[in-house]
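In: Dropping a prediction and its sequence here:
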Amino acid sequence: MIGHPKHKLGDVVTFYLNGMKLQGTIEIIDAYGTFEDDSDVSYDIFVTNHPKYKDGVLIKHINERMLD
């Protein structure tokens, strides 16, 4: 819900992106969304199991509704 994130910094979460199930740690919370999409809470998540980025990658602007 906009303005009221379900998750907090450091939480480990999973989500699907481009058909891949990814897992990572929440690094940034945009409680009121982003400039591009202010309809939902948005998270920047450091993903540790991305097949292309073995050392991890920060994926930005993941809407709360995308998280498991």
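Out: Arrived safely.
In: any idea of the pLDDT on residue 1?
Out: Predicted confidence (pLDDT) for residue 1: 85.
In: That one: neighbouring residues, count only.
Out: The local packing of residue 1 (other Cβ atoms under 10 Å) involves 9 other residues. (Each C-beta comes from the backbone N, C-alpha and C, glycine too.)
In: Could you check how far it is from residue 56?
Out: According to Cβ to Cβ, to the nearest Å, residue 1 stands 29 Å off from residue 56.
In: One more: residue 31?
Out: 24 Å.
In: model confidence over whatever helix or strand residue 24 lives in, on average?
Out: Here residue 24 is covered by strand 20-30, with elements defined by DSSP states H and E. Per-residue pLDDT over strand 20-30 has a mean of 97.
In: packing partners for that strand?
Out: When contacts are defined as 3 or more Cβ pairs under 8 Å, 6 or more residues apart in numbering; DSSP states H and E, strand 20-30 packs onto strand 12-17, strand 42-47, strand 57-63.
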